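K.L.:
here is a sequence with its predicted model. Questions after.
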Amino acid sequence: MKKTIYLTLSILLWACGGSSEDDSPIFDNFTVNVTAQKNTLVIDEVVTVAVTANKNISSIQVSTDNFATSQGAGTSSGLGTATTLYFNFDTVGTKTISIKVTNEAGTVVEKSVQLNVQRGTALKINSLKILSFHNINQTWDPEFSSTDSNRLADVFFSLSKRNVHLTNGNLGSKLWIKSVIKQNQGDLTWNLTAYNLYIDPNLSIWFGLADDDGTFKQDLLMGPPFERELKLSNFIATKPTTLRFTVPEINLDLELNVEWPN
């Protein structure tokens, strides 16, 4: 009787605790390397980061803020075993680029690389002042009488600058800053010091200006075009602290107060 009990327990223990090939963990052996073209660069300089793997890459997620936000890269046929990512920065300091790489089996490997961004020759924009625009001091909101200050434009501006595409390296533009609204024109001067707006002076800024009525917006630049180019390179030789830009045909006149590097 005892032999029968021992035999039964042995069978049960073997059935519960035994291992089989199906129960073994699968080791994917997926390895990824991330290499920056350089680790020190300057404002607005484009730098590449090479991503290589020992197996085909299905997709990539990239973040510069620990994945609070991210950008994706991938195609229906995958990325092969190597791809190149492109970056540029408009603020100084240490930047950590985090990259999650997924292979065709769904295995994810996370890597990171640090870049040190220095100011270089970048100038800093400290303020913007609009001296005139089309129909300044006149009626933009016709529902108000000619003596009511509410007829004036509620003015805001936008600045856009060059930006590099993450995966193909093409140069486009991105919205850099959208200002607060100056109700009924206000003083038309914006202090921008706290925004730390650094830009390579060899580049241009694209300037937009509009009236915000809450329910709709009116272009104040009489577009198209709806943005005007501000060429900073015209001032590199003299390096004035006030850069003035005019577009006479639309009565646009504005000033940028800037700080050049020592």
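P.N.:
Good, I have the coordinates. Here the structure is a predicted model, which means the values were calculated and not measured.
K.L.:
does residue 46 touch residue 87 like I think?
P.N.:
Yes - under the criterion of C-beta atoms under 8 Å, residue 46 makes contact with residue 87 at 7.2 Å. C-beta coordinates here come from the backbone N, C-alpha and C atoms, glycine included.
K.L.:
of these two, which one has the most company?
P.N.:
Counted by other C-beta atoms under 10 Å, residue 46 and residue 87 do not tie: residue 87 has more neighbours, with 22 against 15.
K.L.:
that one and residue 45 touch, don't they?
P.N.:
No - here residue 87 lies out of contact with residue 45, judged by C-beta under 8 Å, at a distance of 9.3 Å.
K.L.:
picking that back up, okay, and the common contacts of residue 46 and residue 87?
P.N.:
Common contact partners of residue 46 and residue 87 (C-beta atoms under 8 Å, 6 or more residues apart in numbering): residue 164.
K.L.:
helix or strand next in line after the helix or strand of the chain at the bottom of the mean pLDDT ranking, which one?
P.N.:
Between all helices and strands in the chain, the lowest mean by mean pLDDT, DSSP states H and E belongs to helix 2-17, at a mean of 44. Heading C-terminal from helix 2-17, the first helix or strand you meet, by DSSP states H and E, is strand 32-36.
K.L.:
which positions within that next one qualify as buried?
P.N.:
Taking 16 or more other C-beta atoms under 10 Å as the neighbour-count basis, strand 32-36 is seen to contain the buried residues 32, 34, 36.
K.L.:
list the contacts of that strand.
P.N.:
Strand 32-36 has contacts (C-beta under 8 Å, 6+ apart) with 47-53, 99, 101, 109, 111-113, 115.
K.L.:
one more: stretch 221-235?
P.N.:
Outside of stretch 221-235, the residues that reach it under the criterion C-beta under 8 Å, 6+ apart are 123, 133-134, 158, 160, 199, 201-209, 219, 243, 245, 247, 250, 252, 256.
K.L.:
tell me which residues of stretch 165-184 come out buried.
P.N.:
Neighbour counts using 16+ other C-beta under 10 Å place 166, 167, 176, 177, 179, 181, 182, 184 of stretch 165-184 among the buried residues.
K.L.:
ok, the fourth one touching residue 158?
P.N.:
Yes - with contact defined as C-beta under 8 Å, residue 177 and residue 158 form a contacting pair (6.9 Å).
K.L.:
paired strands for the longest strand anywhere in the chain, with orientation please.
P.N.:
As assigned by DSSP state E, the longest strand anywhere in the chain is strand 47-63. Sheet pairing here is set by DSSP bridges, and for strand 47-63 it gives strand 32-36 (antiparallel), strand 71-74 (antiparallel), strand 80-87 (antiparallel), strand 93-103 (antiparallel).
K.L.:
pull the CA atoms of the third one into PDB?
P.N.:
Translated: strand 80-87. C-alpha atoms of strand 80-87 as PDB (Å, rounded to 0.1, in the frame of the first residue of the first chain):
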ATOM      1  CA  GLY A  80      16.500  46.600 -41.900                       C
ATOM      2  CA  THR A  81      19.400  46.300 -39.500                       C
ATOM      3  CA  ALA A  82      20.600  49.900 -39.600                       C
ATOM      4  CA  THR A  83      19.000  53.300 -39.800                       C
ATOM      5  CA  THR A  84      20.100  56.900 -39.200                       C
ATOM      6  CA  LEU A  85      18.300  59.500 -37.100                       C
ATOM      7  CA  TYR A  86      18.700  63.300 -37.400                       C
ATOM      8  CA  PHE A  87      18.600  65.900 -34.600                       C
END
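K.L.:
tell me the buried residues in that strand?
P.N.:
Under the neighbour-count criterion of 16+ other C-beta under 10 Å, strand 80-87 has 83, 85, 86, 87 buried.
K.L.:
and those residues as JSON lines, adding pLDDT and distance to residue 70?
P.N.:
Written out in JSON lines, the entries for the buried residues of strand 80-87 read as follows (pLDDT from 0 to 100; distance: C-beta to C-beta, whole Å):
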{"residue": "83", "pLDDT": "95", "distance to residue 70": "16"}
{"residue": "85", "pLDDT": "96", "distance to residue 70": "12"}
{"residue": "86", "pLDDT": "97", "distance to residue 70": "16"}
{"residue": "87", "pLDDT": "97", "distance to residue 70": "13"}
